[in-house]
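**Student:** make a model of this:
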Amino acid sequence: MQWFGPGQVKPGTARADLDVRVGGRYRISFTGSNGEYHEVGGVYREVVPNQRLVFSWAWHSTPERESLVTVSIKPDAGGTLLTFHHAQFADETARDNHQRGWTEFLGNLETFVDA
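**Tutor:** Purely as a prediction, here's the structure:
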């Protein structure tokens, strides 16, 4: 939780309930710095420890707009290569908004790992 979320998460508000197994559910919530509450959740479709996670992704405000996230990791030149893919968006606006959020999220992770 020290690095989770897009750039504008109000400190101390990020919460995650995870049941990391195929068929298990997750729910993640946070409050933005503007005071707006956000909650997303889904189901794990593939779990390969230390290699790959595939899970559905739907915001609580638009549960019918489910998309799919795939995260893969593998050793790479003394470090780890993370491959991230988010697909099946309802439209280009949703895609662009998620790209912006994930870019901030991964930037937070990079800063955390480099510290």
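**Student:** count residues in the vicinity of residue 57, would you?
**Tutor:** 20 (other CB atoms under 10 Å). Glycine gets a C-beta too; all of them are placed from N, C-alpha and C.
**Student:** show me what it is bridged to.
**Tutor:** Applying DSSP bridges to residue 57 gives these bridge partners: residue 67.
**Student:** before we move on, what about residue 18?
**Tutor:** According to DSSP bridges, beta-bridge pairing links residue 18 with residue 26.
**Student:** shift numbering so it begins at 39
**Tutor:** Noted, 39 is the first residue going forward, which turns the last one into residue 56.
**Student:** so it makes contact with residue 64?
**Tutor:** Yes: counting by CB atoms under 8 Å, residue 64 is a contact partner of residue 56 at 4.6 Å.
**Student:** give me the more crowded residue out of these two.
**Tutor:** Higher neighbour count among residue 56 and residue 64: residue 64, with 17 against 12, using other CB under 10 Å.
**Student:** so what's that one up against?
**Tutor:** 54, 55, 56, 57, 58, 79, 80, 81, 82, 93 (CB atoms under 8 Å, 6 or more residues apart in numbering).
**Student:** with residue 43 as the reference, measure out to the first one.
**Tutor:** Counting by CB to CB, to the nearest Å, the gap from residue 54 to residue 43 is 10 Å.
**Student:** neighbour count winner among those two?
**Tutor:** Neighbour count, other CB under 10 Å: between residue 54 and residue 43, residue 43 has more, with 21 against 13.
**Student:** list buried residues within the contacts of residue 64.
**Tutor:** Neighbour counting with 16 or more other CB atoms under 10 Å marks 79, 80, 81, 82, 93 as buried within these.
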